[in-house]
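J.: Next input, structure requested:
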Amino acid sequence: MTDIALTAPPISDKTKGLIYGFLGVLVFSGSLPATRAAVADFDPIFVTGARAVIAGVLGAAMLFALKAKRPEKRDLLPLIGVTLGVVVIWPLMIAFSLKVVPSAHGTMFIGLLPLMTAIFGVLRGGERPKLRFWLFAVAGSALVVGYAFFSNGLSLSTPDLFMLIGVTVCGYGYAEGAQLTRRLGGWQAISWALVFGMPLMLTLSFFYAPADFHAVHAASWLGLIYAGLMAMLVGFIFWYRGLALGGTASVGLLQLTQPFFSFVIAFLFLGEAISGAMIAITVAVVACVVAARRSA
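T.: Sure thing, here's the model as predicted:
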């Protein structure tokens, strides 16, 4: 008898991109609850600076130890975009917002991120998704944002404006990061962006540090550490790799599911309520993600 070798079919880059992207989403899901815990005792500006410093030190160590490729001149613009979008402005906006509102409310605006990422992916990366992709992307985002507005009495508060500004610049940073990842690698892209922003973030951390660190509760310390180590570094290693392999627009849609993972984390660790309407929206949004993925 002839032995028949059984080999598993190779995993495509798009499938790998979805897997990496999903792992990134899981890590990011704890970002807003962690930030909410951190700003309970820390100044929002300090949280923004300190989380970047934590991630930046580790990122710089990896770049040095592994002798990573240095960015070229053509990488300067994307690098600035990533630094401003995901290292500075996005964390600052959510920190200001979550100083006032629960993380569950702020989390709803994350639903806009896939749409913003896809738009900037088209503008900067030359991607051209089909019309049906856009319809499902808009539908999924509208479900999330619509819920946020209805639950807030159809009002647009200052924290809401902070979140809208944040998701816009973050979408730009994600798209630029995908471009950098294709040339430098996922962890290299976010690490160089963190190093690039280190002087500013060290300055913010110094001037807005609390007068008495002993008065800070353990929950705030844990929130800050998670925001710096996981959400600011580890999550981006997975996320940028996923965007580069699977396509910015397609993989970016996975972030439509992030609000609902965040709800679970907020419920378990912060005691925030999760309504039946949130569960219903979750099912509808996941359906939009699946439909859009098939239409991309």
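J.: Could I get the buried residue list for the lengthiest helix in the chain?
T.: Scanning the chain for the longest helix, with DSSP state H as the assignment, gives helix 158-184. For helix 158-184, the neighbour count (16 or more other Cβ atoms under 10 Å) marks 159-160, 162-181, 184 as buried. Backbone N, C-alpha and C define where each C-beta goes, glycine included.
J.: can you check stretch 213-233 too?
T.: Going by neighbour count (16+ other Cβ under 10 Å), the buried part of stretch 213-233 is 219-220, 223-224, 226-233.
J.: Could you list the low-pLDDT ranges of the chain?
T.: 1-9, 125-127, 152-156, 293, 296 (pLDDT under 70).
J.: looking at it, Phe42 is touching Ile225, isn't it?
T.: No. Counting by Cβ atoms under 8 Å, Phe42 does not reach Ile225; the two are 11.7 Å apart.
J.: on that earlier part again, ok, the buried residues of stretch 213-233 vs Val53, which is closest?
T.: Checking the buried residues of stretch 213-233 against Val53 with Cβ to Cβ, the nearest one is Gly228 at 7.3 Å.
J.: which ones are touching the closest residue to that closest one other than its chain neighbours?
T.: Nearest residue to Gly228, sequence neighbours excluded (Cβ to Cβ, 6 or more residues apart in numbering): Ile54, at 3.0 Å. Contact partners of Ile54, counting by Cβ atoms under 8 Å, 6 or more residues apart in numbering, are 224-225, 228-229, 232.
J.: Adding distance to Leu123 and secondary structure, write those residues out as TSV.
T.: Output for the contacts of Ile54, formatted as TSV (distance: Cβ to Cβ, whole Å; DSSP: H, G, I helix; E, B strand; the rest coil):
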residue	distance to Leu123	secondary structure
Leu224	34	helix
Ile225	35	helix
Gly228	30	helix
Leu229	32	helix
Met232	25	helix
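J.: tell me which of those is nearest to Ala61?
T.: Nearest to Ala61 out of the contacts of Ile54 is Leu229 (Cβ to Cβ; 12.6 Å).
J.: neighbours of Thr117, just the number please.
T.: Close neighbours of Thr117, defined as other Cβ atoms under 10 Å, add up to 27.
J.: The residue lying closest to Asp13 once chain neighbours are set aside sits in which helix or strand?
T.: Once flanking residues are discounted, Asp13 sits nearest to Leu245: 4.5 Å by Cβ to Cβ, 6+ apart. Using DSSP states H and E, Leu245 sits in helix 235-246.
J.: buried ones in that helix?
T.: Under 16+ other Cβ under 10 Å, the buried positions of helix 235-246 are 235-246.
J.: CA atoms only: put that helix into PDB for me.
T.: The C-alpha trace of helix 235-246 is given here as PDB (Å, rounded to 0.1, in the frame of the first residue of the first chain):
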ATOM      1  CA  GLY A 235      -2.400  45.200  20.300                       C
ATOM      2  CA  PHE A 236      -0.800  47.200  17.600                       C
ATOM      3  CA  ILE A 237       1.700  44.400  16.800                       C
ATOM      4  CA  PHE A 238      -1.200  42.100  15.900                       C
ATOM      5  CA  TRP A 239      -3.400  44.900  14.400                       C
ATOM      6  CA  TYR A 240      -0.900  46.300  11.900                       C
ATOM      7  CA  ARG A 241       0.100  42.900  10.900                       C
ATOM      8  CA  GLY A 242      -3.500  42.000  10.200                       C
ATOM      9  CA  LEU A 243      -4.100  45.200   8.200                       C
ATOM     10  CA  ALA A 244      -1.100  44.600   6.100                       C
ATOM     11  CA  LEU A 245      -1.900  41.000   5.200                       C
ATOM     12  CA  GLY A 246      -5.700  41.200   4.900                       C
END
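J.: got the buried residues for the helix or strand following it?
T.: Later in the chain than helix 235-246, the nearest helix or strand by DSSP H and E is helix 248-252. Counting neighbours by 16+ other Cβ under 10 Å, one finds that the buried residues in helix 248-252 are 248-252.
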